[in-house]
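>>> model the structure of this input:
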Amino acid sequence: MNFKKELATVLFELLGQEISLTELELMIEKPKIASRGDLAFPCFTLAKLKRKSPNLIALELGEKIQSPTFEKIEVVGAYLNIFLNKKEVSEKIVGEIIKKKALFGSQELEGGGNVTIDMSSPNIAKPFSMGHLRSTVIGNALAFIVEKCGYEPIKINHLGDWGTQFGKLITAYKLWGDAEKVKQNPIKELLALYIKFHEVAEMDPSLEDQGRSWFKKLEDGDEEALQLWQWFRDESLKEFSRIYDLMNVQFDSYAGEAFYNDKMDRVVKLLEEKQLLIESDQAQVVELTDEQLPPCLIKKSDGATLYATRDLAAALYRKENYKFAKSLYVVGHEQSLHFKQLIAVLKKMGYAWAEKMVHVPFGMMLKDGKKMSTRKGKVVLLEEVLTESIAMARHNIEEKNPNLANKDGVAKQVGVGAVIFHDLKNNRMNDIEFSLEEMLRFEGETGPYVQYTFARACSILRKGNWQTDVPPAAYLSGWEKEWKVTSLLMEFPNAIKRACENLDPSQVAKYVVDLAQAFNKYYAEVKVLEENVERSARLALVYSVTVVLKEGLRLLGIEAPEEM
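Residues are numbered from 1 along each chain as shown. Predicted structure coming up:
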């Protein structure tokens, strides 16, 4: 199915094996304009090798290329424009999808192995906001994508369950808290206390000292501080689990920041043994001047450890326990410096595997052009957004398809899918403006549009009484009208590969939108269900589209309802 490789092999033989197969394959391009062919080969690199003009080389090669896969070769200057044999290629693609089903597009990249994915990581005792949606859905999609490419994903929810904010929260609870209120509505009450702490601290800075003092007690194992911390953590996890269930997101580990409390002394000892720790302003740091980075702070002047110390301990733990081939950190771009320092320190410690640690940054979720902030109380709650999105989807169903079976189940699939797709269709580095109306539109580049296209294709198969186990009686004679769809189906494995290599789920999201649009255009032009000799072949194409759309949505963490 790799037509680039097939062309490279033909060229490799014609060129007397003077240039490697891999190099030739990398030189082959996909023309941006369809009228210029399906593949293009520039001959500039060969000019030095052959000591001839690239235009002449193109002419000579164009005359010699012969293969049933290639229908036509056009020479344009130094370029060979290759047109695939539509009938042969389309039959191969459709046949392969019918045979492989959801396994179509699976591949093995770089020998596989475990990939740890540090993702989601909300802060305990704070509500799960839209700000945490991005890390959750990007990390979840990347887990499916790397798995499709032969890796074993390990999803880690590195909970924010430690740090000075707990000293602040305990201070606020001791001053103004009400145990009964917290029990009845934990997250809402704890958030209100956290916001009040910062409001009062602006007038009374001594409150910050109390917060630091309570956190020091927590670090020292004070019984009351630990008891309150554990209570806040347990209540928060119950809330989070409900939201993860709604989005159908699971984790392999919930080991958060607190998990590494007893593992940090080892890091400090290792840094001391390797003579990497130096004193600076009474604090302990690792100098990173050679790496052109600021020093990495390991221990504060009061002896308290920091994020970097904890993340070093986490990296060592994950390497030793999961033996990862890659370790991904799906964390906002504002943490880029932290991860550069983290990786640099591990390399200085002599760990070559630090090269396999990758920060996967992303842009912010904005509301009215501004970042959402928990501290200032300017936050949009994810659960409220999901609930509203599901309600809007339910309303749409009542209006457009009131007789639909399992309305609630479909509304959930569409509502949740809309929120996830709205995030993932954007390149992860872009900031996203939050808009419920935009998410739930049934036209344009939205989740409901792709889901609706899938459901529509399923409906065609039901009406046509399509049987998966009965091969098409006769493939089409031409495949001209079908070519836009079949050539896109052929691109699915490449879209997955790009998403995996660039750690960018938007490659898959954009692909499913393109396929949905091409299919809808095809269906508007061709009477698929018309009784004629080509009907079964056309239904085979429709079936192939349902397989790829469903699998594409699954890779994004979105379900595909068969009726809408």
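>>> what comes up buried for stretch 25-42?
Within stretch 25-42, the residues that count as buried by 16 or more other Cβ atoms under 10 Å are 25, 27-28, 36-41. For glycine as for every other residue, the C-beta is placed from the backbone atoms N, C-alpha and C.
>>> so how far is it off the chain centroid?
A distance of 28 Å separates the centroid of the chain from that of stretch 25-42, by Cα atoms, centre = their mean, to the nearest Å.
>>> also stretch 78-95?
Mean-position distance between stretch 78-95 and its chain equals 31 Å (Cα atoms, centre = their mean).
>>> show me where the stretch 1-150 of the chain has helices.
With DSSP state H, counting those that start in this stretch as the criterion, the stretch 1-150 of the chain has helices at 3-14, 21-27, 44-50, 54-64, 86-100, 133-148.
>>> which stretch among those comes nearest I195?
I195 sits nearest to helix 133-148 of all the helices of the stretch 1-150 of the chain, at 20.8 Å, using Cβ to Cβ.
>>> just the helices of the stretch 1-150 of the chain: most buried one?
helix 133-148 (a mean of 25; mean count of other Cβ atoms under 10 Å).
>>> hey, C-alpha coordinates of that one in CSV?
C-alpha atoms of helix 133-148 as CSV (Å, rounded to 0.1, in the frame of the first residue of the first chain):
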residue,chain,number,x,y,z
LEU,A,133,-9.1,20.0,29.3
ARG,A,134,-6.2,20.5,26.8
SER,A,135,-3.6,18.3,28.6
THR,A,136,-6.3,15.6,29.2
VAL,A,137,-7.5,15.3,25.6
ILE,A,138,-4.1,15.8,23.9
GLY,A,139,-2.5,13.2,26.2
ASN,A,140,-5.4,10.8,25.7
ALA,A,141,-5.3,11.1,21.9
LEU,A,142,-1.5,10.7,21.8
ALA,A,143,-1.9,7.5,23.8
PHE,A,144,-4.2,6.0,21.1
ILE,A,145,-2.0,7.4,18.3
VAL,A,146,1.3,5.9,19.7
GLU,A,147,-0.5,2.6,20.4
LYS,A,148,-1.6,2.6,16.7
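>>> so what touches the very next helix or strand once past it?
Sequence order places strand 151-156 as the next helix or strand after helix 133-148, per DSSP states H and E. Contact with strand 151-156 is made by 109, 112-119, 139-140, 142-144, 146-147, 250-253, 255, 318, 322, 324-326, as judged by Cβ atoms under 8 Å, 6 or more residues apart in numbering.
>>> one more time with 6 Å
For strand 151-156, contacts defined as Cβ atoms under 6 Å, 6 or more residues apart in numbering pick out 112, 114-118, 143, 146-147, 251-253, 322.
>>> kindly reformat the helices of the stretch 1-150 of the chain as a markdown table containing distance to K407 and mean pLDDT.
Putting those into a markdown table (distance: least, Cβ to Cβ, whole Å; pLDDT from 0 to 100) gives the following:
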| stretch | distance to K407 | mean pLDDT |
| --- | --- | --- |
| helix 3-14 | 44 | 94 |
| helix 21-27 | 50 | 94 |
| helix 44-50 | 59 | 91 |
| helix 54-64 | 59 | 96 |
| helix 86-100 | 31 | 92 |
| helix 133-148 | 25 | 97 |
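>>> just to revisit the earlier point, greatest separation within the contacts of strand 151-156: which pair is it?
The most widely separated members of the contacts of strand 151-156, counting by Cβ to Cβ, are G112 and F251 (21.1 Å).
>>> out of these two, which sits in the more crowded spot?
Neighbour totals were compared for G112 and F251, and F251 leads with 21 against 14 (other Cβ atoms under 10 Å).
>>> residues contacting that one?
155, 157.
>>> can you read off the backbone torsions of it?
Backbone torsions of F251, given as degrees, to the nearest 10, read phi -130, psi 150.
>>> report how many residues lie close to the nearest residue to G160 once chain neighbours are set aside.
Nearest non-adjacent residue to G160, counting by Cβ to Cβ, 6 or more residues apart in numbering: N123, 3.6 Å away. By other Cβ under 10 Å, 21 other residues sit near N123.
>>> same check on E559?
For E559, the tally of surrounding residues (other Cβ under 10 Å) stands at 17.
>>> quick one: secondary structure of the nearest residue to it once chain neighbours are set aside?
Leaving aside its chain neighbours, E559 sits nearest to Q413 (4.3 Å; criterion: Cβ to Cβ, 6+ apart). Following DSSP: H, G, I helix; E, B strand; the rest coil, we place Q413 in the helix state.
>>> can you tell me how far Q413 is from R134?
Computed as Cβ to Cβ, to the nearest Å, the Q413 to R134 distance reads 21 Å.
>>> what of L553?
Between L553 and R134 the computed distance is 19 Å (Cβ to Cβ).
>>> ok, now L207?
Distance of L207 to R134, given as Cβ to Cβ: 32 Å.
>>> repeat that for L381.
From L381 across to R134, the span is 15 Å (Cβ to Cβ).
>>> what's the burial count for K347?
K347: 16 neighbours (other Cβ under 10 Å).
>>> once you drop chain neighbours, what's closest to it?
Excluding the flanking residues, the one nearest K347 by Cβ to Cβ, 6+ apart is A354, at 4.8 Å.
>>> where in the stretch 301-450 of the chain is pLDDT low?
Flagging of the stretch 301-450 of the chain using pLDDT under 70 yields the residue ranges 303-305, 372-379.
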